[in-house]
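Asker: Coordinates only, no sequence provided:
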């Protein structure tokens, strides 16, 4: 009996279960009432009670089991699905990347057992770098894998089927060991700009941004370059640089839209994220998620190949005033 009770307790019931069960029991009771009403003797009345109790208990157990199973099957068949689609592009030239593997792993829910394996769905980009896959609605971790590029992982949330999810994903080409790359993305249609302050070979500082997109030493060595200047959408903006010596290399994000509209809220509203690569690895990911008043976000600085997070927001009158 205890095992039966435990099994019944685990069954999930539909919202109209009680109504359906009462209707079924009423039909069963009426049917057996008609059958036993003809028994008139005292002895037969005892048998009648025993028969009614037995049949009713069996009907309850049968109804609970059948209803629970039917609900579980119906729930699985009606699992909400959505479409996740998008493109994969290079972070240094925004060109589409074909034959990229995207491995979507559904995040385990808190109530699931730790040993429960989350479902995995794989998609591959076509010749235009596009992909489209139907998945159960939920939260996913997406691994983006392609030879010649640094593997990346992003979180993707899928909604209901009527609201298809479009994602632009970026991969960074592999680099030499001591080369850095900063990739900026954001969420709203504003114009954000990367700015890198670095030491020049004259003992001063050089500001690299959209109007000064390359820094080459007097001896002809290319130290830093702005790979992409994206003035619309949600990115990317990308700077690749190779630190020399123990000078300070400081990276900031300036919101050009905020400078034009004189608004100190646009930068925070855009929720910018900077992904920092070194060699063939991602070594940092920085997001300005909380509201902070200002139009320039100083993200980090690098000294002697050591990264120090700054995470400071300030207000300037022009981008070349960024630290």
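Answerer: Sure, I can see it. In this text the structure is predicted, and so the values were computed from the model without any measurement.

Asker: For the rest of this, base every contact and every neighbour count on C-alpha atoms.
Answerer: Fine.

Asker: What values do phi and psi take at residue 272?
Answerer: phi -70, psi 150 (degrees, to the nearest 10).

Asker: pretty sure it contacts residue 185?
Answerer: Yes - counting by C-alpha atoms under 8 Å, residue 272 does reach residue 185; the two are 5.8 Å apart.

Asker: Common neighbours of the two, please.
Answerer: Residues touching both residue 272 and residue 185 (C-alpha atoms under 8 Å, 6 or more residues apart in numbering): there are none.

Asker: mean confidence score for the helix or strand encompassing residue 259?
Answerer: Residue 259 is located in helix 256-261, with elements delineated by DSSP states H and E. Helix 256-261 comes out with an average pLDDT of 72.

Asker: try stretch 182-196
Answerer: Per-residue scores along stretch 182-196 average to 88.

Asker: cool, stretch 315-323 as well?
Answerer: So the average pLDDT for stretch 315-323 ends up being 75.

Asker: just stretch 237-253 next, same as before
Answerer: 92.

Asker: Please identify the buried residues of that stretch?
Answerer: Using 16 or more other C-alpha atoms under 10 Å as the test for burial, stretch 237-253 gives 237-244, 248-253.

Asker: now residue 277, nearest residue through space, not along the chain?
Answerer: Distances taken as C-alpha to C-alpha, 6 or more residues apart in numbering place residue 181 nearest to residue 277, at 5.0 Å, with adjacent residues excluded.

Asker: elements contacting the helix or strand in which the one you found is found?
Answerer: Assigned by DSSP H and E, residue 181 belongs to strand 180-185. Using 3 or more C-alpha pairs under 8 Å, 6 or more residues apart in numbering; DSSP states H and E, the elements in contact with strand 180-185 are strand 237-241, strand 273-278.

Asker: between the ones you listed, which gets nearest to residue 120?
Answerer: Between residue 120 and those, the shortest gap by C-alpha to C-alpha is with strand 273-278, which sits at 25.2 Å.

Asker: strands paired with that closest one, and their directions?
Answerer: Strand 273-278 sits in its sheet next to strand 180-185 (antiparallel), strand 281-287 (antiparallel), going by DSSP bridges.

Asker: can you redo these as TSV with mean neighbour count?
Answerer: Below are the strands paired with strand 273-278 laid out as TSV (neighbours: other C-alpha atoms under 10 Å):
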stretch	mean neighbour count
strand 180-185	24
strand 281-287	15
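
Asker: Give me the below-cutoff pLDDT ranges for the chain.
Answerer: 1-79, 109-118, 160-165, 232-233, 260-265 (pLDDT under 70).

Asker: what's the spacing between the residue nearest to residue 277 and residue 224?
Answerer: 10 Å (C-alpha to C-alpha, to the nearest Å).

Asker: who touches both of those two?
Answerer: Joint contacts of residue 181 and residue 224 (C-alpha under 8 Å, 6+ apart) are 239, 240, 241.

Asker: Using TSV, lay out the residues you listed together with distance to residue 320.
Answerer: Output for these, formatted as TSV (distance: C-alpha to C-alpha, whole Å):
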residue	distance to residue 320
239	16
240	19
241	19
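
Asker: For the stretch 101-250 of the chain, which segments are assigned as strands?
Answerer: 101-106, 120-124, 130-136, 138-145, 149-150, 152-158, 165-173, 180-185, 192-199, 205-208, 214-216, 222-228, 237-241, 248-255 (DSSP state E, counting those that start in this stretch).

Asker: Next, the angle from the fourth one to strand 165-173.
Answerer: Read it as strand 138-145. Between strand 138-145 and strand 165-173, the angle comes out at 30 degrees (axes from the mean of the first three to the mean of the last three C-alpha atoms, to 10 degrees).

Asker: what does the third one give?
Answerer: Here strand 130-136 points in a direction 130 degrees away from that of strand 165-173 (the same axes, to 10 degrees).

Asker: Now do the buried residues in strand 130-136.
Answerer: 130, 131, 132, 135, 136.

Asker: Repeat that for stretch 86-106.
Answerer: Result for stretch 86-106 [16+ other C-alpha under 10 Å]: buried residues 86-92, 94, 96-106.

Asker: So what touches that stretch?
Answerer: So stretch 86-106 is contacted by 118-132, 138-146, 165-173, 183, 227-228, 236-238 (C-alpha under 8 Å, 6+ apart).
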